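1. Build me a model from this:
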Amino acid sequence: MDSCEEGKGIRTLSTVCEAAETAGIHMVPNNPVQVLRFSEAINGNVRLLELNPEVEKSLKQGDRVVIRGLASDEAILCTESKSFEVKVVETSNTMLLCRDIQTPGKEAFTASQSAGGGLIRQEVCGSACSYLELRPCRGHLSRLAEVLSEHQYAGPETEPDNFVAGYTFRDLLDLVQGSEDELWTGLKRCKACCIDGFWRLLSADYFEQAFDRIVQSLAEKDWPIYEVPVDECCELLTDLLPRVIIEHCLTCYGKKNDNGATYCLDEELVSQFYAGYLLRRVAKFNYAEFMEVWQQTVPLGITVALEMLKGIALHDLTARPPVVWHFPANSLPYDVSPRFNALFQERTKWTLSDLRPYIEDLATPQQPLEAILLKHTRSTMDVTGQKLYNSRHPL
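-> Numbers count the residues shown, from 1 in each chain. This is a model prediction of the structure:
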């Protein structure tokens, strides 16, 4: 048999052992030897994807794993909760691909061992000189605010008859590059509202008027801010605001209580709303005057404090007179580099306490805040010994 196979140019176990001995390769007794033969129709267009534990787990659980992006975008692979950049990694050697290569533990390998070894013939059906590597990243949601701004909602009376506009959640998944969890977070960050199945931004004026009217109703009915009855509130304002808008406002500035029938408004979020309401209309506000007007504007029982302005406004107490101005975090670019450019164009030097509210959402387990600061900023000390951060790159 061996001589017939040798005559046909097919390797036998003896010829393989001789070749291994010549090459100085130690053959493990009783282990099978796999001999490769190239297919006549070898496929060189195969793409290999290196799975990391998170993606492998998602695939095994039957979860959705999708590559998202437009034709002009760099590919982003998304599970239901995480996003990964897809990068091509070149290899120094060509990889040969077989359909059923045998490794220790597989049935055919074990059976061959039990039989005392032998040859297992494999056909090379493909080859590859590169593979796709997955690198954890933040979802690319910079397009989200832009597409949501196309159809802003300003009340039912402004909507044409039979008007359908906006994007469903699935539509947005096709337009942005992020996981479902990241998209939900992005929608919450920009305070988007789902109206008749479509996600839309409320116009700034309409949003302010709606929530201010809700807060006024609390005073009229003597409802405490920590127990706002949603059904009664909707009934009271039925001629002014749709129920979906009332519940959206209460969700943005509070949370539903365990009883499911009332909302608890967050004092700091309510205070920040009124701070933005006052500051949005002026370039800069005299600090002392602002603090006085701000305190008069918030609901009775809430005490405003300078710390509440973090992430929505900046102040300069060294100016004469001291001033405060609107600078909300949710208006900044989503991506890291444009975000830092916008921050350092607004202010050349920052303390960490002032900077943190504007960048803390950029941090990931793979890239903590300290690493982001090291990459995009330089730090110096002022005369008082306080650390200040300025741009590492020219603006």
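2. care to break this protein down by domain?
-> If you go by automatic domain parsing, the domain ranges for the chain are 31-137, 144-200, 332-391.
3. As CSV, those with mean pLDDT, mean neighbour count and distance to Gln296 would be great.
-> Every C-beta, even on glycine, is put in place using the N, C-alpha and C of the backbone. Listed next are these as CSV, based on pLDDT from 0 to 100; neighbours: other CB atoms under 10 Å; distance: least, CB to CB, whole Å:
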stretch, mean pLDDT, mean neighbour count, distance to Gln296
domain 31-137, 86, 13, 44
domain 144-200, 91, 16, 25
domain 332-391, 93, 15, 25
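4. The ones you listed into TSV, with extra columns for distance to Leu309?
-> Formatted as TSV, the entries for the domains of the chain read as follows, by distance: least, CB to CB, whole Å:
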stretch	distance to Leu309
domain 31-137	31
domain 144-200	18
domain 332-391	9
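5. State the distance spanning the first to the last residue of stretch 134-143.
-> 22 Å (CA to CA, to the nearest Å).
6. And the contacts of it?
-> With CB atoms under 8 Å, 6 or more residues apart in numbering as the test, stretch 134-143 has contacts from 49-52, 55, 69, 73, 76-78, 82-87, 175-179, 182-183, 186, 333-335, 338, 362, 364-366.
7. same thing with stretch 210-224?
-> Here stretch 210-224 has contacts from 202, 225, 228-229, 232-233, 236-237, 240-241, 245-246, 249-250, 252-253, 270, 273, 277, 299-300, using CB under 8 Å, 6+ apart.
8. Would you mark the buried spots in it?
-> For stretch 210-224, the neighbour count (16 or more other CB atoms under 10 Å) marks Ala210, Phe211, Arg213, Ile214, Val215, Ser217, Leu218, Trp223 as buried.
9. Quick check: of those residues, which lies closest to Pro104?
-> Proximity of the buried residues of stretch 210-224 to Pro104, judged by CB to CB, is greatest for Phe211, which lies at 65.3 Å.
10. For Gly311, see how far away the closest one is.
-> Noted for Phe211: a distance of 18 Å to Gly311, by CB to CB, to the nearest Å.
11. How about the secondary structure of Met27?
-> coil (DSSP: H, G, I helix; E, B strand; the rest coil).
12. residue contacts, it?
-> Applying CB under 8 Å, 6+ apart, one finds that Met27 lies in contact with Cys17, Ala20, Glu21, Val33.
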